[in-house]
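Asks: sharing a model that was predicted from the sequence below.
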Amino acid sequence: MKLLNRRFLALLAVLVIVVAACGDDDTTGTTADGGTGTTGAGGDCVVGMSWNNYNEERWAKHDEPAMKAAIEAGGCSYISSDAGSSEEQQITDVENLIADGANVVIILAQNTQAILPAVEAATAEGIPVIAYDRLIEDANTFYVSFDNVLVGKLMAEVIFDLVPSGNYIIVKGNGADANSDFLREGIESVIGDAVAAGDITIVGEDYTDNWAPDLAQTHVEQWLTQADNDVQAVVSENDGMATGAAAALAAQGLSIPLSGQDADVAALNRVALGTQSVSVWKDARELGKAAGTAAVALAGGATLADVEGTAEFVYTNKESGVATTLVSILLVPIPITQDNLNLVVDANWITVDELCAGVTAGSVAACP
Amino acid sequence: MSVVEAPPTQSDTPEQSTRRSFGSFLRDNEIDTRMAGMIALLLVIWVGFHFLSGGTFLTPRNLWNLSVQTSTVGIMATGMVLVIVSRNIDLSVGSMVGVVGMVMAILQFEWLPPLMGLGNQWIWIITIVIGLALGALIGAFQGSIIAYAGVPSFIVTLGGLLVWRGFAWLTASGRTLAPMDATFQLLGGGSRGSLGETGSWVVGGVACIGIVALLVLGRRRRRKFGFRLRPMWLDVTLGVFGCAVVLGAVWVTNSYYLPESIAREVAEERGIPWPQGGLQIPLGIPYPVLILIGVTLVMGFIANRRRFGRNIYAIGGNPEAAELGGINTRRTIVKTFMTMGILVGVSAAVSIARLNAAVSGLGTLSELYVIAAAVIGGTSLSGGIGTIPGAILGALVMQSLQSGMVLLGVGAPMQDVVLGVVLVTAVAIDATFRRRTAR
Amino acid sequence: MTSEMTARAPLVELRNMSVSFGGVHAVNDVTVDLYPGEIVGIVGGNGAGKSTLIKTLSGAQRADSGQIFIDGEPVSINTPRDAKALGVETIYQTLALADNLDSPSNMFLGRELVTRWRTLDDSGMEDAARKVMTRLNPKFQNFKVPVASLSGGQRQGVAIARAVHFNARILIMDEPTAALGPAETEQVRGLMRRLQQEGIGIFLISHDIHDVFDLAGRISVMLQGKLVGTVNKDDVTMDEVLAMIIIGKLPEEVTKTELEQLHG
């Protein structure tokens, strides 16, 4: 038993070292848990950011640095928290951010309705709330996002140009996320007429829990089986799920148009390779910057409508039919195809090496 | 097999005993009635879906897909059986898949190619070895805290669920890593990841010989000790039935042909001219399924034929008795969690190979599917009871329902409802059945 | 005690054993011994320290001080495994059986037979179980069912068979008949007498004074962690032993009135 105890201690020691080593890499500045973020030297002006789930590449790499830079350039300080995909945790997080002195709160909401109590509490204290990337159904919030309906429209346009008629598969995102429906709305605006006219038949369409790539793969496999591979296009609402769809298509030797969004490194590589037709690029740095700038303005006492570049956005809830009018900044996304890959390279979004891994040199303009 | 279903009550009334005579006949001959019932249920589900889907479900292609889709959960479910039998639980397996998968991806994607050259044959082997070792290490670490520090496994692995998911993200800062090494990809099935026609028949033939050999050896051993033999006709029936199932399954996988475009590529590689009517190249047994079968055999062997396995069942039955009987219960628990960790490594390898990418959210919620598979397969959460083949059947039942419902166009929310209802119903039926037979 | 017995070294001697939990002396400087083919009853009320004393011999409890001798040699027993290696087998009050396993697996719990290839030898274990059980209880046939479905007597039989199979020289039986009906109790008593004839020494822990008088040759009485004394069964009456258990006085010290009060 003594021997085993010693082994146990050795194991413990190894793990501690591993933990410490990994900790060094973590320079994101977010705290793992709610609301105990570091308060900077910004004096009275503090912007609190509540991430719903920091577990995605883009937040750390693009959104947060740009947002932080804009906030600090405006003389404010930045604190943050991560709710780890929990609706309840996020409400607590927002309360903690306010308790820690935030004058403005930016929220990337896990659930567009469940977050409302926290938003109402903040508004009651006179603290402006910015809904970041995802809508919050409260007329007092300031909505900063890419135009997600437009994202859906842009990806569908690329696919529809390639396949004006035939059998479509539509891979939708998480059912509880309003963006899934915005995207679908945009897709519908492009293909709706053709579907009604019978030129396009949708042979498979469903929500994908948590936008999970492996689940998307299983779904596409089953739809391909049911349609006996008689499918001409796959519209996937993001790049992660497109990864699963691409694997399912490859297993059947199918090379058909496939869409996505987010301009993930792996997806852009697929665009260069020709296994994905389009990834709609929302330059997250622009979004972070816009939110950061707006936050500084609001902290300085500006009203929502005073902020530069705003427009009114009307959102109608599908189930209740209640319309909410929000002040918003909606940025315009760019569809990336083989023809304009240079845009993401020029913006330092991706390196040429990453983009062109496995691509035959000269087969696309961006990979010389 | 020493872990057997509960026997008939001692005080059967005459009419009860006639009604149960078939059941007791099966029990006397060591045939697992519960298992037979589950196979029947599975067949009902399959035939039902076949008609509802307009004849798609029972096609070789769908069954082939189904087997691949079952493999990742099935592999982990075999380990979860032992964990639950030992009166523990492992909630961290989904997150462990995330971190182990991510490490295996980054090894073959970023770390190893610069050292060894892209496409080096050793890359996939080193990747797998390190992945399994990492799984074992995490499992042993969690197991040690449970066994030696006395923290309940529910708490330790609940913590693990958070910790390892965090590490999965930190490993590659949340990036999606793709594609995987060309050889490594084969582990996931896909168009090239299967054994081919001849290989599959060989595996089927060997399995068939194995079944017959086990029956013959069993008879010989029982005769040597003078124990009662099964009737000869029953052994023959079992042998014929087992072989028929195995060879039937091989036939199904061999009846699924490569899609035309891939068949053309293969023909070109092999220098075969493309014939007029097309070329039908059978896929055979997919590698992930071969791995699942291998894992099932090894885990079944550990559970039934090794002291380690027997000791796990003893701990589950009565931890105090196991300790007093001289079993090193703590070390056994550590080894159990370590075994689970290795299986997580195997499953993670299959997952990322199949997706041909690693994402930090990989395996999210799969702990629930793995536990559900074990439980539907007859594993009792109070410990001591559960079988490896049962868990595989449980995984197959769940995946059949899920894949079948996608074929029928049943929406995601309704799928969740059905799976939840099935889980509770299965356990309720099981509990009633046990109560009725175990007095 | 006969002079022949004292001439040889005892099979087991627990000398000056003490165990305390916190500040409480559960066992306080107790010495008992046991000769081959002898049954020694250890009696006392609840909390007298009987079970704790005997656990120091079975390896389930470490003693704070004291020394154990087997065949006159000092030994060190720290775990159940150590005890088993010295031929000490224990049958616990709470039956130490895994309910989900069958009787052969329970007999070999922690000491499973393995084949040449290090796989479990289930047939071998079943065979051994059949041999031992037939000796103890010829009617027993349920070798393939979990012990959960056996009767109390049959379960006790499995526990005893385990001890017999592993050639126990020293058997500790902690309330072996507490959970049994009259017929089953008689069955177990018969078993104990047979084991005694085979030369096994048995420590019988019981608070059933009839059980002890029926089986034991000598009786050691404990009260509040201390040994009141050890007496030959033939030299004392049941009342005198009761007096030892309750008021802690030896037969020669106890008065007639005190004896009468016991029945009052």
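Replies: All right, it came through fine. Numbers count the residues shown, from 1 in each chain, chains lettered A, B, ... in the order given.
Asks: alpha carbons only for contacts and neighbour counts from here, please
Replies: Noted.
Asks: I'd like the next helix or strand past the least confident helix or strand in chain A by mean pLDDT.
Replies: Every helix and strand in chain A was compared by mean pLDDT, DSSP states H and E; the lowest is helix A:2-25, with a mean of 47. Using DSSP states H and E, the helix or strand that follows helix A:2-25 in sequence is strand A:46-51.
Asks: what is that following strand packed up against?
Replies: strand A:77-82, helix A:87-99, strand A:104-107, helix A:284-299 (3 or more C-alpha pairs under 8 Å, 6 or more residues apart in numbering or on different chains; DSSP states H and E).
Asks: dump those to TSV, plus mean neighbour count, mean pLDDT and distance to chain C.
Replies: Below are the helices and strands packed on strand A:46-51 laid out as TSV (neighbours: other C-alpha atoms under 10 Å in any protein chain shown; pLDDT from 0 to 100; distance: least, C-alpha to the nearest C-alpha, whole Å):
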stretch	mean neighbour count	mean pLDDT	distance to chain C
strand A:77-82	26	91	46
helix A:87-99	21	90	42
strand A:104-107	28	94	54
helix A:284-299	24	90	59
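Asks: count the neighbours of whichever residue of chain C sits closest to chain A for me.
Replies: In chain C, no residue comes nearer to chain A than C:T79, which is 10.8 Å away by C-alpha to the nearest C-alpha. C:T79: 19 surrounding residues under other C-alpha atoms under 10 Å in any protein chain shown.
Asks: per-residue confidence at B:Q10?
Replies: Here the pLDDT value assigned to B:Q10 is 41.
Asks: oh sorry, the question was meant for A:E125
Replies: For A:E125, pLDDT reads 89.
Asks: so who does it touch?
Replies: Residues in contact with A:E125 (C-alpha atoms under 8 Å, 6 or more residues apart in numbering or on different chains): none are found.
Asks: state the distance from it to A:T325.
Replies: 21 Å (C-alpha to C-alpha, to the nearest Å).
Asks: shaky segments in the chain?
Replies: Chain wasn't specified; assuming chain A. A:1-43, A:55-57, A:318 (pLDDT under 70).
Asks: my bad, the chain I had in mind was chain B
Replies: In chain B (pLDDT under 70), the answer is B:1-24, B:26-30, B:436-439.
Asks: can you redo the helices and strands packed on strand A:46-51 as TSV with distance to B:G361?
Replies: As requested, the helices and strands packed on strand A:46-51 are exported to TSV (distance: least, C-alpha to C-alpha, whole Å):
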stretch	distance to B:G361
strand A:77-82	16
helix A:87-99	18
strand A:104-107	22
helix A:284-299	20
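Asks: in stretch B:112-132, what counts as buried?
Replies: Neighbour counts over stretch B:112-132 (16 or more other C-alpha atoms under 10 Å in any protein chain shown) mark B:L112, B:N120, B:I123, B:W124, B:T127, B:I128, B:I130, B:G131, B:L132 as buried.
Asks: try stretch A:249-259
Replies: A:L249, A:A250, A:A251, A:Q252, A:G253, A:L254, A:I256, A:P257, A:L258, A:S259.
Asks: what helix or strand does the last one sit in?
Replies: Per DSSP H and E: A:S259 is located in strand A:259-261.
Asks: list, one by one, the residues from chain C near chain B.
Replies: Chain C comes close to chain B at residues C:60, C:79-81, C:95-102, C:105, C:109-112, C:114, C:118-124, C:127, C:144-146, C:149, as judged by C-alpha under 8 Å from any C-alpha of the partner chain.
Asks: PyMOL command for the buried members of the residues you listed?
Replies: The PyMOL command for the buried members of the residues of chain C next to chain B (criterion: 16+ other C-alpha under 10 Å) is given here:
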select buried, chain C and resi 60+79+80+81+95+96+97+98+99+100+101+102+105+109+110+111+112+114+119+120+121+122+123+124+127+144+145+146+149
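Asks: name the helix or strand for the residue most central in space within chain B, please.
Replies: Per C-alpha atoms, centre = their mean, the C-alpha nearest to the average position across chain B is that of B:G74, at 2.5 Å. B:G74 belongs to helix B:60-85 when assigned by DSSP H and E.
Asks: and that helix, what other elements does it pack with?
Replies: If you count contacts as 3+ C-alpha pairs under 8 Å, 6+ apart, helix B:60-85 packs onto helix A:213-226, helix B:232-254, helix B:287-305, helix B:307-317, helix B:329-355, helix B:366-376, helix B:388-408.
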